[in-house]
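Return a 3D structure for these sequence lines:
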Amino acid sequence: MADKKEFHLFLLPEYEEEEKYLNKMAKKGYRLEKVTLPGIYSFTKTEPEDMIYRIDFNPQKKEDLAGYHQMFADYGWEYLQDMNEYSYFRKPADVRDKDADSDHDICWNEDIYSDNDSRLDMIKRILKTKMLPFMILFLGIVIPQFVGAIFHGSMGPAGRTILIMWTVVLVLYIYIFVRCYVGFKRLKKKYESEM
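I've put the predicted structure just below:
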């Protein structure tokens, strides 16, 4: 049973902000138990810990999941869950291992990506898998329904209610699209500038 639940809405390009939120909660003594749609985070109360959370978007076929999870486990990452094709991982920030060629401790990589090309590939996967269907729904359903409500709806109470409903949906879709567009553009610029 969760000791604490919080609601936070992170859109598709805001996975770095979500990671920071989870890292901050761990430092406050709340370890992530699970995430459920639409952004409900369940935590267990623990001692404050310096934990690194990372989120990966790499949709896998069920038969490939074991190998995918094992790859991360080999680098010290604990698999937590998948939600909406995002995979959640964590590990303590101070995980160290012995270098195979010497007696020196080495700190394992704190990131799940080896380079910014991998991060840019992830953005492309998100755009293709998530944003493209979002745009198809917007152009194929929301816009036609909104236009239909304006030109073909009766202006009685039911017609006005339908128009208001589709106006709200239209504004919400535009808001989400603009926020995602700006977020992905910012991430792309950031990753390209660090190359």
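
From here on, just use CA atoms for contacts and neighbour counts.
Fine.

Distance check, the most far-flung residue of the chain relative to its centre against D111.
Centroid-distance maximum for the chain: G156 at 41.9 Å, with C-alpha atoms, centre = their mean. As judged by C-alpha to C-alpha, to the nearest Å, G156 and D111 stand 57 Å apart.

Assess the claim that T46 and G29 are in contact.
Yes - contact between T46 and G29 holds when scored by C-alpha atoms under 8 Å: they sit 4.9 Å apart.

So between these two, which is more surrounded?
A count of neighbours by other C-alpha atoms under 10 Å puts G29 above the other of T46 and G29, at 17 against 13.

That one contacts E47, doesn't it?
Yes - proximity of G29 to E47 meets the contact threshold set by C-alpha under 8 Å, at 4.9 Å.

Quickly list what's touching both of these two.
Contact criterion C-alpha atoms under 8 Å, 6 or more residues apart in numbering; residues shared by G29 and E47: none found.

which secondary element of this structure has the worst mean pLDDT?
For the chain, counting by mean pLDDT, DSSP states H and E, strand 105-107 ranks last in confidence among helices and strands (a mean of 41).

Can you mark which positions in stretch 176-186 are buried?
Applying a neighbour-count criterion of 16 or more other C-alpha atoms under 10 Å, one finds 177, 179-181, 183-184 buried in stretch 176-186.

Can you spell out which helices and strands pack onto the biggest helix by length in the chain?
For the chain, the helix with the greatest residue count under DSSP state H is helix 157-193. If contacts are counted by 3 or more C-alpha pairs under 8 Å, 6 or more residues apart in numbering; DSSP states H and E, helix 157-193 sits against helix 116-126, helix 143-151.

and Y88, what element?
strand 86-92 (DSSP states H and E).

pLDDT of that strand, averaged?
For strand 86-92, mean pLDDT is 93.

Domain boundaries for this protein, per the record?
Residue ranges for the domains of the chain, per automatic domain parsing: 4-112, 119-193.

How confident was the prediction at K98?
Predicted confidence (pLDDT) for K98: 43.

To clarify, my last question referred to E63.
79.

isn't there a strand covering it?
No - read with DSSP: H, G, I helix; E, B strand; the rest coil, E63 is helix and lies in no strand.

any idea how far it lies from S118?
23 Å.

before we move on, back to that, quick one: closest of the helices and strands packed on helix 157-193 to V168.
helix 143-151 (9.7 Å; C-alpha to C-alpha).

Done for today, thanks.
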